[in-house]
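> here is a sequence with its predicted model. Questions after.
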Amino acid sequence: MRWRRSVTLLLTGQALSLIGSSIVQYAIT
């Protein structure tokens, strides 16, 4: 199941970018 790894990486990347953007917003405000 090679596609499951790419899907997991995609979801992890989206979660990390979401967390990163929220951290940036907290840092700005």
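Thanks, I have the structure now.

> let me know how buried Ser6 is, in neighbour terms.
10 (other C-beta atoms under 10 Å). The C-beta positions use only the backbone N, C-alpha and C, and glycine is treated the same way.

> so where's this structure shaky on pLDDT?
1 (pLDDT under 70).

> quick one: the helices in it?
Per DSSP state H, the chain carries helices over the ranges 2-28.

> state the distance from Ser17 to Leu10.
Ser17 sits 11 Å away from Leu10, going by C-beta to C-beta, to the nearest Å.

> sorry, wrong one. I was asking about Arg4.
11 Å.

> same question, Ser22
In this view, Ser22 and Leu10 are 19 Å apart by C-beta to C-beta.

> Val24 too?
From Val24 to Leu10 the distance is 21 Å (C-beta to C-beta).

> before we move on, what about Ile23?
In terms of C-beta to C-beta, Ile23 sits 20 Å off from Leu10.

> next, count neighbours for Ala21.
That one is not Ala; residue 21 is Ser. The number of residues packed around Ser21, counting by other C-beta under 10 Å, is 10.

> and for Trp3?
7.

> same thing with Arg4?
Neighbours of Arg4 under the rule other C-beta under 10 Å: 8.

> the one 3 residues further on too?
Using other C-beta under 10 Å, the number of residues around Val7 comes to 11.

> now swap in Ser17 and tell me
10.

> same deal with Arg5?
Other residues close to Arg5 by other C-beta under 10 Å number 9.

> so that it lines up with my notes, have the first residue be 14 from now on.
Sounds good: first residue 14 from here, last item Arg18.

> and it, how close does it get to Leu24?
Taking C-beta to C-beta, one finds Arg18 at 11 Å from Leu24.
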